[in-house]
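S.K.: The sequence and its predicted three-dimensional model are supplied below.
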Amino acid sequence: MKGQAAAPKTSTNPEAPAAGAAGAGAAGAGAASSVPAAGQQNAQANAGAKAKKPDPQQVQQIKTQHANFRAQPKPQQVPPVTYNQNYRIQGSDRWQGQHYQVFRSYHPEWHDQGWYHSHYNRVELIGGGYYFFNNGYWFPAWGYSPSAQYYAYDGPIYAGQRAEPPDKVIADVQAVLQQMGYYRGEVDGLLGPMTREALTAYQADQGLTTTAVIDEPTLDSLGMS
């Protein structure tokens, strides 16, 4: 489910709007945005897979298979988060390095369609909610449309400068982690709790910061950036 709304101009300061992007899950914030404890157990279970890298050919095959992937809302299986202007990404204050600055500074804002169009070139309907693209990341466009506000995760999703849709990026990551034995759920393109547990386990085995989200170091490590 995806539609596109072209914005007339780009933000003159891409980092600033990204930091003040849209935002957060009040009801689901604690569970959906903290690093799941189960991920630590998964990391131990996958101790033998440490330093293991995905097969580049498999990665490319998956990306080809998902060329036209479209996520669908699954509110019963993956509950949505809700807007909370006071939300901050839990634990992000401890994530060191420039690659995590966008997560540390992220906080929710609510804007109408005109505001998004005046700041960003790409605003798209992805899997039940509108997202905008800014400086390599997709963010929920809270307030863009009252009838389309389904978000499984509230925060930045790294996609790289090629700006592939976030549901496709998530599906690619899910499929690769599935083949590596980290993810046992459905490839649905939604950044839900099971996907975040799998990300935590993979990040721990690779010696990466355990963010439980799709960040630049993780996507690089998976060979998908």
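M.R.: Sure, I can see it.
S.K.: Give me the most central residue, the protein.
M.R.: Nearest to the mean C-alpha position of the chain, counting by C-alpha atoms, centre = their mean, stands residue 157 at 3.1 Å.
S.K.: Settle this for me: that residue is touching residue 138, isn't it.
M.R.: Yes: here residue 157 reaches residue 138: they are 4.6 Å apart, a contact under C-beta atoms under 8 Å. (Glycine included, C-beta is placed from N, CA and C.)
S.K.: Need the phi and psi values for the residue nearest to the centre of the chain.
M.R.: Main-chain dihedrals, residue 157, degrees, to the nearest 10: phi -120, psi 120.
S.K.: what do you get for residue 129?
M.R.: Dihedral pair for residue 129: phi -150, psi 150, per degrees, to the nearest 10.
S.K.: Same check on residue 102?
M.R.: Torsion angles, degrees, to the nearest 10, at residue 102: phi -60, psi -30.
S.K.: Find the residues that touch each one of residue 157 and residue 138.
M.R.: Residues touching both residue 157 and residue 138 (C-beta atoms under 8 Å, 6 or more residues apart in numbering): 131, 166, 169.
S.K.: circling back to that earlier point, mind checking how far the residue nearest to the centre of the chain is from residue 109?
M.R.: Distance from residue 157 to residue 109, counting by C-beta to C-beta, to the nearest Å: 17 Å.
S.K.: ditto for residue 190
M.R.: With C-beta to C-beta as the criterion, residue 190 and residue 109 are 23 Å apart.
S.K.: neighbour-wise, which of the two wins?
M.R.: residue 190 (28 against 17; other C-beta atoms under 10 Å).
S.K.: tell me which element the closest residue to residue 67 other than its chain neighbours falls in.
M.R.: Spatial nearest neighbour of residue 67, excluding adjacent residues (C-beta to C-beta, 6 or more residues apart in numbering): residue 168 at 7.9 Å. Remark: residue 168 resides in helix 166-179, with elements defined by DSSP states H and E.
S.K.: tell me what that helix is packed against?
M.R.: Here helix 166-179 touches helix 56-65, strand 157-158, helix 193-206, helix 216-221, going by 3 or more C-beta pairs under 8 Å, 6 or more residues apart in numbering; DSSP states H and E.
S.K.: can I get the ones you listed in CSV with distance to residue 74 and mean pLDDT?
M.R.: Output for the helices and strands packed on helix 166-179, formatted as CSV (distance: least, C-beta to C-beta, whole Å; pLDDT from 0 to 100):
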stretch, distance to residue 74, mean pLDDT
helix 56-65, 20, 90
strand 157-158, 17, 98
helix 193-206, 12, 97
helix 216-221, 23, 96
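S.K.: can I get these in a markdown table with distance to residue 145?
M.R.: Output for those, formatted as a markdown table (distance: least, C-beta to C-beta, whole Å):
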| stretch | distance to residue 145 |
| --- | --- |
| helix 56-65 | 29 |
| strand 157-158 | 19 |
| helix 193-206 | 25 |
| helix 216-221 | 28 |
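S.K.: so which of those comes closest to residue 97?
M.R.: helix 216-221 (8.2 Å; C-beta to C-beta).
S.K.: quick one: buried residues of that closest one?
M.R.: 216, 217, 218, 219, 221 (16 or more other C-beta atoms under 10 Å).
S.K.: From the contact counts, what lies against that helix?
M.R.: Secondary-structure packing of helix 216-221 (3+ C-beta pairs under 8 Å, 6+ apart): strand 157-158, helix 166-179, helix 193-206.
S.K.: Brilliant, that's me finished.
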